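Peer 1: A predicted structure for the sequence below; I have some questions about it.
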Amino acid sequence: MKIGIVGLGYVGLPLAMEFAEAGCQVIGLDVDSQRVAALREGRSHVEDVPDERVSAVLSACEFTTRSVELHEADAILICVPTPLTPNREPDLQPLLAAARAVAAVLRRGQTILLESTTFPGTTRDHLVPLLEESGLSAGTDFAVAFSPERVDPGRVDYTIRNTPKVVGGLTPACTECAALVYELVCERVVRVSTPEVAELAKLLENIFRSVNIALVNELAIVADRMDIDIREVVEAAATKPFGFMRFDPGPGMGGHCLPVDPFYLTWKAREYDLSTEFIELAGKVNARMPYFCLERIERCLNDQARALRDSRVLLVGVSYKPGVGDLREAPALKLLRLLEERGAQVSYHDPYVGALPGHGLRSADLETALEETDLAVIVTAHPDVDHERVVERAPAVLDLRGVTRAFHREHVARL
Ligand SMILES: NC(=O)c1ccc[n+]([C@@H]2O[C@H](COP(=O)([O-])OP(=O)(O)OC[C@H]3O[C@@H](n4cnc5c(N)ncnc54)[C@H](O)[C@@H]3O)[C@@H](O)[C@H]2O)c1
């Protein structure tokens, strides 16, 4: 099979690798010519995909900026971004541009698969009409389905291969065409009746996480006021073998998906005179967390008879999650901005993030930085940072991730 992939980012590139490794010919299309040029030389821009993996399949992959190459593909997977506009409304521009590019090369017998997270109805009401401008009919001349990506960057136990893949076609035959494609690289394909079911299932997964993170974050604020250790509470609750799923508090929600995707549904629900209260509330609570963490920082400095202004604050870990360098929507960036606005002297250490050019900062050597700081704040707990050392060397520590519980000392405060 020849597989076309439109958009070679966090989602598209790993998929391209899987299909190439499964013996398919892959045509990878991206509008970013630098990315394409690097990939042609075997260089990856996605952390989860090492250069060697790209080099090993180069002969099976054609990376290009020319959409005309997609004409040859049996199936085309669209994996372009679905961001929000500055007014927090869905921005379908990349998706519509990709759809137009595919429509221009569409031929009978192809299967078109949308992977980008989006609101219910996107496949049927936005993608299909553009594809049909080719003069061909969806469901008869070519197959269309929505299949949400479930990649979790940095994760090694669940991969494309062993994570079940939900597929909803425009017709039952479309679903079967889509399943045939995914069965090349996924052990289990879950068929659903429509693209809308698959679209909303993906949003449910993301909203579920966002709401539960907000719930435990709100409880963390309450527990702090009551002087109860929220992490001990979570651990105790998590011993219940049924009816409870563990979520841990933190400085806010980051990454591309959770802070953005739920609002695709909020926007769509308005068309039906509905407001999505849980989504809005979760967004509000999670957005408040960096402000709460700022207040905790001020309290820690206050305990040392220091004001925030001119105090030296070291942020340990700034990416949005452990083990990756992804900064998208990272709460550390919000915290950094708030600290700078209030006159703190901020430095950071993150083995995955060499520099924060917008702030004129480079990742500091941990030992030196610990010696030169008034307060170390563990914002993201990377696996290869020695947090025990942070506790030993820093004059005061605020642990927002609960990683210092095993070696608690008087000068350590925790969220
Ligand atoms: N990153 C994740 O963890 C994740 C997980 C599940 C779902 N998703 C969803 O998958 C989709 C893609 O996300 P991502 O993280 O891979 O984005 P990304 O920004 O990493 O990559 C998208 C790529 O698409 C390219 N692109 C943009 N417009 C294009 C066009 N018209 N034609 C060809 N290429 C184009 C960009 O240059 C970029 O290389 C989004 O809808 C996202 O919500 C992401």
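Peer 2: Right, received. Where do you want to start?
Peer 1: is residue 3 within a helix or a strand, and which one?
Peer 2: Assigned by DSSP states H and E, residue 3 belongs to strand 2-6.
Peer 1: ok, and does that strand reach over to the ligand?
Peer 2: Yes: against the ligand, strand 2-6 shows contacts by Cβ under 6 Å from any ligand atom at residue 6. Any C-beta I mention is one placed from the backbone N, CA and C, and that applies to glycine too.
Peer 1: look up how far the ligand lies from residue 394.
Peer 2: Between residue 394 and the ligand the distance is 32 Å, computed by Cβ to the nearest ligand atom, to the nearest Å.
Peer 1: picking up where we left off before, name every strand pairing with the strand holding residue 3 and say which way it goes.
Peer 2: strand 25-29 (parallel), strand 75-78 (parallel) (DSSP bridges).
Peer 1: beyond the longest one, next helix or strand please.
Peer 2: Moving toward the C-terminus from strand 25-29, the first helix or strand encountered (DSSP H and E) is helix 33-40.
Peer 1: just to revisit the earlier point, what about the strand holding residue 3, average pLDDT?
Peer 2: Averaging pLDDT along strand 2-6 gives 98.
Peer 1: give me the contact list for it.
Peer 2: The contact list for strand 2-6 (Cβ atoms under 8 Å, 6 or more residues apart in numbering) reads 12-13, 15-16, 19, 24-30, 67, 69-70, 72-80, 98, 101-102, 181.
Peer 1: just the buried members of these?
Peer 2: 12-13, 15-16, 19, 24-30, 67, 69-70, 73-80, 98, 101-102, 181 (16 or more other Cβ atoms under 10 Å).
Peer 1: and those near the ligand, which?
Peer 2: Okay, of the buried ones among the contacts of strand 2-6 touching the ligand (Cβ under 6 Å from any ligand atom), that's 12, 29-30, 79-80, 98.
Peer 1: closest to residue 277 out of those residues?
Peer 2: Using Cβ to Cβ, residue 80 comes nearest to residue 277 of those, at 30.2 Å.
Peer 1: element containing that closest one?
Peer 2: Counting by DSSP H and E, residue 80 is found in no helix or strand.
Peer 1: residue 279 now?
Peer 2: Element membership of residue 279 [criterion: DSSP H and E] is helix 277-303.
Peer 1: do the same with residue 223
Peer 2: Using DSSP H and E, residue 223 maps to helix 195-226.
Peer 1: any idea how far the residue in the chain that the ligand sits nearest to is from residue 87?
Peer 2: When scored by Cβ to the nearest ligand atom, the chain has residue 9 as its residue closest to the ligand, at 1.7 Å. Going from residue 9 to residue 87 by Cβ to Cβ, to the nearest Å gives 24 Å.
Peer 1: looking at these two, which is more packed in?
Peer 2: Between residue 9 and residue 87, residue 9 has the larger neighbour count (other Cβ atoms under 10 Å), namely 16 against 7.
Peer 1: ok, that one touching residue 44?
Peer 2: No: using Cβ atoms under 8 Å, residue 9 is not in contact with residue 44; the gap is 11.0 Å.
Peer 1: which stretches of the stretch 101-250 of the chain have low pLDDT?
Peer 2: By pLDDT under 70, the stretch 101-250 of the chain has no low-scoring segment.
Peer 1: for it, what lies in contact range of the ligand?
Peer 2: Proximity of the stretch 101-250 of the chain to the ligand, by Cβ under 6 Å from any ligand atom, involves residues 115-117, 149, 151, 153.
Peer 1: out of those residues, which one sits closest to residue 265?
Peer 2: residue 117 (10.2 Å).
Peer 1: which residue sits closest to the closest one, ignoring its sequence neighbours?
Peer 2: Once flanking residues are discounted, residue 117 sits nearest to residue 261: 4.8 Å by Cβ to Cβ, 6 or more residues apart in numbering.
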